[in-house]
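[1] Here is my input, please return the structure:
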Amino acid sequence: MNSASRIDPSSLSSLRRSLSGTLLMTGDDGYETARRIHNGMIDKHPSVIARCLGTADVVNALDLATRHGLEVTVRSGGHNVAGRAVCDGGMMVDLSAMKGSHVDPKARTIRVQAGLTWGEFNRETQLHGLGTTGGAVSSTGVAGLTLGGGFGFLMGKYGFTIDNLRSAEVVTAKGKVLHASNEKNGELFWGVRGGGGNFGVVTSFEFALHPVGPMVHGGSIAYPFSQSTELLRVYRELTSSPIDALTVTASLTHSPDGSGQKLAALLVCHCGAPSEAIGSLGSIKAFGTPAADRLGPIPYTALNQMLDASFPKLALNYWKSSFVPELTEDVMAILVGQFARCPSPMSKLILEHFHGAAVRPKPSDTAFPHRDAGYSVLIIAQWRDAADNERNITWAKETFALLEPFTRRSVYSNYMGDDEGPTRVRLAYGENFVRLQKLKDRYDPDNLFRHNQNIPPSDWPKQHNLDRVKTGVLECQP
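    Residues are numbered from 1 along each chain as shown. Predicted coordinates for the structure are as follows:
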């Protein structure tokens, strides 16, 4: 390691004593588990992992990192496919053990620390028959999903996750602890709702809650792959006159039994009145003879876990994503044709429909700018054996290239991989990029928080930061 960034043992000992959590280094018990994140393609080794239990731990960890020129990454759920939660050589500020939560059922709010997952979030809120838009996979972290925007089963009725965020606690690069809300530090609050972790470490979130569950109507229904085009047409018709309470995702996927059988499926959530839900589910069931039908009354917590087995930890993942305004015959033909030649029995193509409360705000109301009705297209290449890397990545790239003439010039930051360039990053923030960059200049002018879909300061790169990039690794003196 580069000797230009040495830290004497006394500094490390001082940090270790100050933490309520733990400080891990190579060889320590727990280090190997802590450094691995969800995507098995990401295999990096930070020099030090600060496993924080509270905001003061985060402040102390950042203090050591900035004083010694360490690169900083921030881990919450560790689900993000790009793997920006970890780097080689620097410091991982690990929030995954920060799992405190408190529900106020009368005010219909919840405050949570940044390490909570959506499964844990829903477990607490469903005790009171309350919920908010959250991740479709229960092991997804609350923090990462929220900071990028937040798609989920309830978005038609209640908007994206950021539309339900009421306040956040942010630790800046200078170690200041700020409360961000519409009433205080309003511009920072605007920025964290879609601007990712570019402005600081968000240590806690306050959300509005809504009456949801504990039972909703939904689940999944799957058909033989031979009926894919017909099912996608049904999906197009279903989403052409959408109901706010009904959110439907379409997928070309594989049977969960591991057989590799290709299927066309719908994942459904109706969070409204049961009488209305029964009618909506009936219209979906009217199509064809399903290979599997799991539509009906279901606990909201069970719906939130339905996809978990399809996203196993440490599977190899490569994703591409964009938005399409319409589900045209050309788009459907590409999806069906490409899935027919999919090389892995773990891969899938997913269409998420945006409507209702998710598209009513203006693009400038939050940092997340994508408020047009339409569909997100998510290409998920997923496999187990590293020997298959090239053909799976090639399949995803080819599928994306074929779809590109039909897509908007935009992308969801939470679905972006690690190989997307600055042009694509700008597309993720759209017309809000300039305003976000001004916010970056104010709160992180040295770009300490750059291991993300980065919004660089307006004068980046600075020479001293280039030096930091080259030398920002931890080497302890003997």
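[2] quick one, longest helix in the chain?
    Determined from DSSP state H, the single longest helix within the chain is helix 389-403.
[3] Tell me which other helices or strands it touches.
    strand 316-324, helix 329-340, strand 374-383 (3 or more C-beta pairs under 8 Å, 6 or more residues apart in numbering; DSSP states H and E). For the C-beta atoms, the positions are set from N, CA and C on the backbone; glycine is no exception.
[4] Run through who's touching that helix.
    41, 316, 318-320, 322, 324, 331, 334-335, 338, 341-344, 347, 349, 377, 379-383 (C-beta atoms under 8 Å, 6 or more residues apart in numbering).
[5] report the angle between the axes of it and helix 329-340?
    170 degrees (axes from the mean of the first three to the mean of the last three C-alpha atoms, to 10 degrees).
[6] Quick check: next helix or strand after helix 389-403?
    Remark: after helix 389-403, the chain's next helix or strand is helix 422-429, criterion DSSP states H and E.
[7] what helices or strands is the next helix-or-strand element following that next one leaning on?
    Downstream of helix 422-429, the next assigned helix or strand under DSSP H and E is helix 433-443. Helix 433-443 is packed against helix 186-192, with contacts defined by 3+ C-beta pairs under 8 Å, 6+ apart.
[8] buried residues in the helix it packs on?
    By 16 or more other C-beta atoms under 10 Å, the buried positions in helix 186-192 come out as 188-192.
[9] how far does stretch 65-75 stretch from start to finish?
    Stretch 65-75 stretches 15 Å from its first residue to its last (C-alpha to C-alpha, to the nearest Å).
[10] buried sites along that stretch?
    In stretch 65-75, counting by 16+ other C-beta under 10 Å, buried: 65-66, 68-75.
[11] For stretch 436-456, measure first residue to last.
    9 Å.
[12] no wait, stretch 71-88
    With C-alpha to C-alpha applied, stretch 71-88 spans 9 Å between its terminal residues.
[13] The spatially closest residue to Ser255 that is not a sequence neighbour - how many residues pack around it?
    Ranked by C-beta to C-beta, 6 or more residues apart in numbering and with sequence neighbours excluded, the top spatial neighbour of Ser255 is Gln261, at 4.0 Å. Neighbour count for Gln261, taken as other C-beta atoms under 10 Å: 15.
[14] Mind pulling up the pLDDT for Gln261?
    Note on Gln261: pLDDT of 94.
[15] Tell me where the stretch 151-300 of the chain has strands.
    165-171, 177-181, 201-208, 210-211, 215-224, 246-254, 262-270, 292-299 (DSSP state E, counting those that start in this stretch).
[16] which residues sit against the last one?
    Applying C-beta under 8 Å, 6+ apart, the contact partners of strand 292-299 are 126, 213-222, 263, 268, 274, 281, 284-285, 306.
[17] at 10 Å instead, please
    Residues outside strand 292-299 that contact it (C-beta atoms under 10 Å, 6 or more residues apart in numbering): 122, 126, 213-223, 255-257, 263, 265-270, 274, 277-278, 280-282, 284-285, 302-306.
[18] Quick one, which of those are buried?
    122, 126, 213-223, 255, 263, 265-270, 277, 280-281, 284, 302-306.
[19] Got the domain ranges for the chain?
    7-97, 101-211, 215-417 (automatic domain parsing).
[20] In TSV: the ones you listed, plus distance to Asp441.
    Shown next, in TSV, are the domains of the chain (distance: least, C-beta to C-beta, whole Å):
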stretch	distance to Asp441
domain 7-97	17
domain 101-211	10
domain 215-417	15
